[in-house]
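Peer 1: Need coordinates for the following:
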Amino acid sequence: CLAEHLPEPAGHSGGLRGAVLFVQALFLLFRCAAVRIPAAAESLCRLVDAIVRGIHRSTAHAIGAVANVLPSALKAMGKRIGHGIAKGAQLGFQLLLHLTAIGLFFCIVFYSVIPGIRDLQNIFPAEYGAGYYLISNLIASVTAAFMLIPAVRGIRPRIKRKLLQPLFIYSLPLLISGVTGTANEFIDRQFIKYLLPQESAMSTLGIYGAALKLGGILLLFVQMFRLAAEPFFLAAFKKEDFLKANAETLKYFLIVSMLLFLVISLFSDFFGLILGSDFRDGLFIIPVVLFANIGNGIVFNLSFWYKRTGKTRLAILVTGSGLICTIVFNLLLLPRLGYAGTAWAHLGSEWIMVIVSYILSRIYYPVPYPLKRILFYLSGGILFYFLGAWQKDISWTGNILFNLSLIVIYTGVVVKVEKINISRHPF
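Peer 2: The predicted structure follows:
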């Protein structure tokens with residue numbers, strides 16, 4: 001049993017242990033019905049169970065240590081906000097594990113178990129298709145909501161009328177900009193679907209979506225950074241400390257992003273093996289998608305100043321400009337370049353938002369971003385990418401060695417320029 005491998009740190013690991021035991025209980029229940037489960041479904045169950053075991057064995061001790069030490073350390077430092085964030089992150093991880101397990105369990109039930117049981121086929125018709133995925137998510141979300149009840153027991157919600165007006169003034173523009181930003185992220189698919197010929201639109205959309213998934217590797221890093229950085233920068237910093245930290249963070253965010261950009265772009269043929277052969281035609285737009293995602297992360301970095309100063313209405317200008325550019329660029333480029341035009345439109349939109357946000361920052365809340373260093377790392381990464389793309393005609397082994405040398409050189413330049421003492425930061 002996986003529970004035998006769980007650590008027993010004091011204090012906070014009970015929830016983690018309970019979460020993993022809950023996952024195991026679900027799969028045990030699933031196995032109890034194995035008499036009527038098709039062989040493919042049982043194989044899938046074993047595969048998922050093995051994945052859960054492998055992931056937990058490699059991460060349980062690290063997560064348990066962080067979950068226990070970080071809240072205590074932050075509390076000892078007097079940072080109650082940080083303590084609450086760490087506890088919230090711990091609870092969030094547990095809920096995420098529950099959500100994943102429940103959703104995955106019901107997906108297996110709907111798509112593998114029920115089709116093998118005749119009595120249930122009339123109740124759950126196969127024609128509902130992807131709808132069962134939505135039902136699985138709904139069941140998981142409702143279950144997670146009930147799991148939160150013990151955590152909020154004893155809390156009486158109260159409305160402080162004095163806070164309502166400033167709360168709405170601050171948050172309503174962020175809500176509007178969030179809706180605009182979400183539309184900006186997904187409207188490009190609609191352009192492909194309705195502006196291209198119907199006989200090729202859906203296949204083109206599939207190829208474009210596959211390229212976006214590979215580009216999403218970098219977007220995952222952006223999301224991780226978002227979760228870590230937002231509570232940090234919106235804490236009670238002195239203005240001088242905030243300005244310095246924000247400027248340095250943007251620089252190092254860009255360095256890591258450009259390294260990921262080089263790794264994925266220069267070895268896109270290898271990453272493309274994840275996709276089916278029918279979807280690899282779109283690999284040539286991967287660098288464009290990745291660079292657009294870097295712009296997305298920079299826009300997020302540039303959002304802290306107006307969130308901190310309360311000038312959240314300016315967020316509407318930033319995301320609004322991006323949405324307008326997405327619409328205009330798609331109308332101009334999509335009919336001429338196909339889905340490549342959509343990728344370039346997405347890139348242009350993200351970097352227009354970067355420019356608009358930076359200009360507004362200079363006007364309302366100047367942050368001393370190291371612009372020369374940032375441009376140096378940006379241009380250097382782009383140059384190294386084109387060098388690697390230019391050498392595609394050499395042998396397969398030579399191409400790998402050349403691309404690896406480019407990444408090592410770029411990393412060495414960063415270490416030299418930033419004066420990073422590698423001996424003090426062992427990996």
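
Peer 1: C-alpha from now on. contacts and neighbour counts both.
Peer 2: Fine.

Peer 1: where along this structure do the strands fall?
Peer 2: When assigned using DSSP state E, the chain turns out to have no strands.

Peer 1: Which of the helices and strands in it ranks last by mean pLDDT?
Peer 2: Between all helices and strands in the chain, the lowest mean by mean pLDDT, DSSP states H and E belongs to helix 39-76, at a mean of 43.

Peer 1: What residues does residue 260 make contact with?
Peer 2: The neighbourhood of residue 260, defined by C-alpha atoms under 8 Å, 6 or more residues apart in numbering, consists of residue 218.

Peer 1: Distance check, it against residue 209.
Peer 2: Between residue 260 and residue 209 the distance is 20 Å, computed by C-alpha to C-alpha, to the nearest Å.

Peer 1: try residue 138
Peer 2: Look at residue 138 and residue 209: by C-alpha to C-alpha, they are 24 Å apart.

Peer 1: Also residue 413?
Peer 2: When distances are taken as C-alpha to C-alpha, residue 413 and residue 209 turn out to be 34 Å apart.

Peer 1: For residue 420, the count of nearby residues, please.
Peer 2: Burial of residue 420 is recorded as 12 neighbouring residues (other C-alpha atoms under 10 Å).

Peer 1: Tell me, what's the model's pLDDT at it?
Peer 2: Predicted confidence (pLDDT) for residue 420: 80.

Peer 1: and it, backbone torsions?
Peer 2: Backbone torsions of residue 420, given as degrees, to the nearest 10, read phi -90, psi 130.

Peer 1: Just list the residues touching it, thanks.
Peer 2: Going by C-alpha under 8 Å, 6+ apart, residue 420 touches no other residue.

Peer 1: Number of residues surrounding residue 226?
Peer 2: Residue crowding around residue 226 was assessed by other C-alpha under 10 Å; the count is 15.

Peer 1: What residues sit buried inside stretch 384-403?
Peer 2: 384-385, 388, 399-400, 402-403 (16 or more other C-alpha atoms under 10 Å).

Peer 1: scratch that, stretch 226-239 is what I was asking about
Peer 2: Buried residues in stretch 226-239, counted by 16+ other C-alpha under 10 Å: 229, 232-233.

Peer 1: and what of stretch 318-338?
Peer 2: Buried residues in stretch 318-338, counting neighbours by 16+ other C-alpha under 10 Å, are found at 318-323, 325-327, 329-331, 333-335, 338.

Peer 1: Pick the one among the buried residues of stretch 226-239 closest to residue 165.
Peer 2: Of all the buried residues of stretch 226-239, the one with the least separation from residue 165 (C-alpha to C-alpha) is residue 233, at 23.6 Å.

Peer 1: what's stretch 398-416 in contact with?
Peer 2: With contact meaning C-alpha under 8 Å, 6+ apart, stretch 398-416 is reached by 255, 259, 262-263, 266-267, 380-381, 384, 388, 391-392, 421-422.
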